[in-house]
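Engineer: predicted coordinates and the sequence they were generated for:
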Amino acid sequence: MKVTIITAVLNCVGYIEDCMISVQSQGYKNLEHIIIDGGSVDGTLDVIEKHKDFTTFLLSEADFGIYDALNKGIAIARGDILGILSADDRLAGNDVLSAIVDRIKSGDCDAVYGHLDFVPRDGRGIIRRKWKSRPYFRSCLENGWMPPHPTFYVKKSALDGDTFYALNYGTCGDYDFILNLLYRKQIKAVCIDKIMVHMRKGGMSNGPLLNVFMSWVYDYRILANHEVPAPLCAVLQKKIRKLRQFRISPGF
């Protein structure tokens with residue numbers, strides 16, 4: 001099975017090489033790395049060019065944000081399994097893709113997900129936040145649960161050719177994408193007991209209070225759109241679950 005990893009990037013010269021090397025270092029070699037650049041001007045393209053022999057496809061043009069870029073990647077992906085790796089994140093080990101493929105080859109699931117560690121921006125220091133995953137039931141989605149999007153790998157066939165990221169939910173398009181697959185379409189996803197991604201702290205939905213507030217608004221709209229019962233309660237529980245990640249425990 002071919003694995004497609006899609007990376008959207010814009011002005012990430014300090015981290016894109018680390019991201020690319022983590023893909024190149026995978027023991028599983030039947031893969032393609034698609035990089036969609038939004039028009040970087042900080043030297044990011046020079047770094048990508050240095051690793052051009054390992055990049056399957058590079059597109060650099062203006063877009064309407066990260067989810068528009070990811071949709072472009074999905075449209076041209078040739079893999080049987082699709083996953084997303086942000087430009088400032090990295091795969092946690094050289095056996096991540098092997099674990100993903102082995103589990104999906106078992107034939108009893110359409111997608112897999114695993115654990116995620118938040119690492120300091122400079123890649124050093126103690127990991128103080130962990131996103132520990134576990135198996136779920138559909139009712140968990142109604143209680144604000146979701147798997148870590150950066151660890152979510154899905155069969156391309158499960159997307160039915162019409163599943164893309166919505167562009168009208170700000171920084172929460174990944175939440176809509178996952179709810180669409182797991183709650184509305186009810187594809188089967190299983191948990192791999194493995195740290196799959198090292199994610200650098202400080203993403204799109206963090207930072208300014210306005211971003212945090214709007215993430216609440218968009219989460220509510222997404223839940224309501226997918227007809228999840230009591231969407232406001234689900235939003236509150238979703239935020240509480242995020243706080244639990246700082247305990248560095250296997251809590252759910």
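Structural biologist: Perfect, thanks for sending it.
Engineer: when you work out contacts or count neighbours from here on, use the C-alpha atoms and nothing else.
Structural biologist: Fine.
Engineer: tell me where this protein has helices.
Structural biologist: Along the chain, counting by DSSP state H, helices occupy 16-24, 44-50, 66-76, 96-105, 138-142, 173-179, 209-225, 231-244.
Engineer: how about those in CSV, adding distance to Phe118, mean pLDDT and mean neighbour count?
Structural biologist: Converted to CSV, the helices of the chain look like this (distance: least, Cα to Cα, whole Å; pLDDT from 0 to 100; neighbours: other Cα atoms under 10 Å):
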stretch, distance to Phe118, mean pLDDT, mean neighbour count
helix 16-24, 15, 97, 19
helix 44-50, 23, 95, 16
helix 66-76, 20, 97, 20
helix 96-105, 17, 97, 18
helix 138-142, 22, 95, 16
helix 173-179, 18, 97, 20
helix 209-225, 18, 93, 17
helix 231-244, 12, 90, 16
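Engineer: quick one: low-confidence parts of the stretch 1-150 of the chain?
Structural biologist: 123-125 (pLDDT under 70).
Engineer: at 90 what do you get?
Structural biologist: 52-56, 107, 120-129 (pLDDT under 90).
Engineer: tell me the contacts of the most centrally placed residue in the chain?
Structural biologist: Taking Cα atoms, centre = their mean as the criterion, Pro150 is the residue nearest the geometric centre of the chain, at 2.5 Å. Residues near Pro150 by Cα atoms under 8 Å, 6 or more residues apart in numbering: Gly83, Ile84, Leu85, Ser86, Leu116, Val197.
Engineer: and which of those residues is nearest to Gln186?
Structural biologist: Gly83 (18.4 Å; Cα to Cα).
Engineer: ok, the closest one touching Ala8?
Structural biologist: No - taking Cα atoms under 8 Å as the definition, Gly83 is not a contact partner of Ala8, at 11.7 Å.
Engineer: just to revisit the earlier point, next, format the contacts of Pro150 as a markdown table and append distance to Ile16.
Structural biologist: Listed next are the contacts of Pro150 as a markdown table, based on distance: Cα to Cα, whole Å:
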| residue | distance to Ile16 |
| --- | --- |
| Gly83 | 17 |
| Ile84 | 14 |
| Leu85 | 10 |
| Ser86 | 9 |
| Leu116 | 19 |
| Val197 | 15 |
